[in-house]
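**Student:** take this sequence and fold it.
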Amino acid sequence: MREMIARTLLALAAAAVGFAASQAGAHEGPHLIDEARSMSLQSLGSPPPDPSNRWADVPQAAALGERLFFEARLSSNGQVSCATCHDPARQFQDGTPLGKGVGTTGRRTMPIAGTAHNGFFFWDGRKDSAWAQALGPLESAVEHGGTRAQYAHVMATYYRGDYERLFGPLPDLSRVPKIAGPVDDPAARNAWEAMTPAQRDDVTRVFVNIGKAIAAYERGIQPKPTRFDRFVDAWVRSGAMPKEILDEQERAGFQLFVGKANCTQCHNGPLLTNGGFHNTGVPARAGVPADRGRAPAVAAVKGDEFNCHSRWSDAGPDQCAELDFLSLEAEKQERAYKVPSLRNVADRAPYMHAGQLGTLREVLEHYDRAAPAPAGHSEIKPLHLTPAERDQLEAFLGTLR
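**Tutor:** I've put the predicted structure just below:
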């Protein structure tokens, strides 16, 4: 509860700063350096604890999780691992409009750095922990495409020693089918339903522990300092805005970012995201199923098999405040998507939840224009930026890498 309140207060404070800046326009003075400091990586701090995962901060779990992150046998075709979409050489994403595993997904792959500070996961927030998030793609028909029984057999065959040193003895899998799980494939589902409840629990426990190990590894993936961070650090040390790290165009873009463009209303704090979900009028992507964003996800996370209150969670009943206080007003979440971090954003095209916009300039033009949302209500308003101001904003975004 304390962690949730602290994150909420920080986000509200940062949003208030951004709102004040938007009223004042580009400005200088003591408030500007405070805004810059709040956006610096120096302000990030350690990730909040995850009471739902007792192994979240165990180095041996992170070491196992790293191996599993790159393990292609955790897929139906033996060719897809977490790193297939979350490529370390590409900021743990893939640079494609839609993620591609054993099939093609309907959304853009999100980067991982800094996600240990998140409260909800995926573009729609349908999972409330990193370990629960890790389990979703493993059973997705278009991502890893496998089953939890298959993955339990992989652990028994290739990772028995490492697994048992962490989690205790593996269950007897001699009578467990090689392919079985509560997935869309009829044969796999029928095999799962033919298993005893005890067998299903044993296999699910192994499956859950795979997710908790992967989450422990991902917890250590943090953003790296950028040119903007060096600029802020020099500014804080000297008390005067430095001129040698960011050029005049980039400095003007920073003042627009916290001022007229009102970017900090959503992109605030050291991760340059408020962690929330917003409808910003992003156009639908042709050729993919209708996507309502967060609207159906609020109920999904409440009823999720692996949420913070589930029997697979290590949290106590009073340690799931974010889930407990989650609003179920789906109509207000129609086509709302998670605000992504802007760190390294210039190297992460295409943009938006399904890669609808190919360049940063297109993104800036979208927010400047503020077209109506295809469904629900867009929260943005026209910015009335000049071409020169869009150039300056784009230049500033290039410093966040």
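**Student:** which residues of the stretch 51-200 of the chain fall in helices?
**Tutor:** Counting by DSSP state H, counting those that start in this stretch, the stretch 51-200 of the chain has helices at residues 59-69, 82-85, 130-139, 148-158, 160-167, 186-194, 197-219.
**Student:** can you redo the ones you listed as TSV with distance to Val345?
**Tutor:** C-beta coordinates here come from the backbone N, C-alpha and C atoms, glycine included. Converted to TSV, the helices of the stretch 51-200 of the chain look like this (distance: least, Cβ to Cβ, whole Å):
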stretch	distance to Val345
helix 59-69	23
helix 82-85	18
helix 130-139	21
helix 148-158	34
helix 160-167	36
helix 186-194	39
helix 197-219	20
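**Student:** buried deepest among those, which one?
**Tutor:** Highest mean neighbour count of the helices of the stretch 51-200 of the chain: helix 130-139, a mean of 24 (counted as mean count of other Cβ atoms under 10 Å).
**Student:** domain map for this protein?
**Tutor:** Domain assignment for the chain, taken from automatic domain parsing, gives 2-44+224-289+339-397, 59-219.
**Student:** mean pLDDT lowest for which of these?
**Tutor:** Ranked by mean pLDDT, these end with domain 2-44+224-289+339-397 at the bottom, a mean of 88.
**Student:** relative to the whole chain's centre, how far out is that one?
**Tutor:** The chain centre lies 17 Å from the centre of domain 2-44+224-289+339-397; the measure is Cα atoms, centre = their mean, to the nearest Å.
**Student:** now stretch 295-313
**Tutor:** Going by Cα atoms, centre = their mean, where stretch 295-313 is centred and where its chain is centred differ by 17 Å.
**Student:** buried stuff in that stretch?
**Tutor:** Buried residues in stretch 295-313, counting neighbours by 16 or more other Cβ atoms under 10 Å, are found at 295, 297-298, 301, 304, 306-310, 312-313.
**Student:** can you list contacts of it?
**Tutor:** Residues from elsewhere that reach stretch 295-313, judged by Cβ atoms under 8 Å, 6 or more residues apart in numbering: 51-52, 120, 122, 124-129, 131-132, 135, 204-205, 208, 211, 315, 317, 319-320, 322-323, 326-331, 333-336, 376.
**Student:** what subset of those residues is buried?
**Tutor:** 51-52, 120, 122, 124-129, 131-132, 135, 204-205, 208, 211, 315, 319-320, 322-323, 326, 333-336, 376.
**Student:** Ala375 against Glu334, yeah?
**Tutor:** Yes. With contact defined as Cβ atoms under 8 Å, Ala375 counts as touching Glu334 (5.6 Å).
**Student:** what is in contact with these two at once?
**Tutor:** Arg292.
**Student:** hey, which of the domains of the chain is tucked in deepest?
**Tutor:** Among the domains of the chain, domain 59-219 has the highest mean neighbour count (mean count of other Cβ under 10 Å), at a mean of 19.
**Student:** need the strands for the protein, in chain order.
**Tutor:** Ranges of strands in the chain, per DSSP state E, are 277-278, 337-338.
**Student:** partners of the first one, with directions?
**Tutor:** Applying DSSP bridges, strand 277-278 is found paired with strand 337-338 (antiparallel).
**Student:** residues in contact with the partner strand?
**Tutor:** Counting by Cβ under 8 Å, 6+ apart, 110, 120, 122-125, 273, 275-280, 282, 293-294, 352-353 sit against strand 337-338.
**Student:** at 7 Å instead, please
**Tutor:** Strand 337-338 is contacted by residues 123-125, 277, 293-294, 353 when judged by Cβ atoms under 7 Å, 6 or more residues apart in numbering.
**Student:** chain center to that strand, what's the gap?
**Tutor:** On the basis of Cα atoms, centre = their mean, strand 337-338 sits 9 Å off its chain's mean C-alpha point.
**Student:** tell me the mean pLDDT over that strand?
**Tutor:** Computed over strand 337-338, the average pLDDT equals 98.
**Student:** tally of neighbours for Asp318?
**Tutor:** 9 (other Cβ atoms under 10 Å).
**Student:** and it, what pLDDT?
**Tutor:** 97.
**Student:** distance check, it against His117.
**Tutor:** With distances taken as Cβ to Cβ, to the nearest Å, Asp318 is found 21 Å from His117.
**Student:** and Ala36, by the same measure?
**Tutor:** Distance from Ala36 to His117, by Cβ to Cβ: 20 Å.
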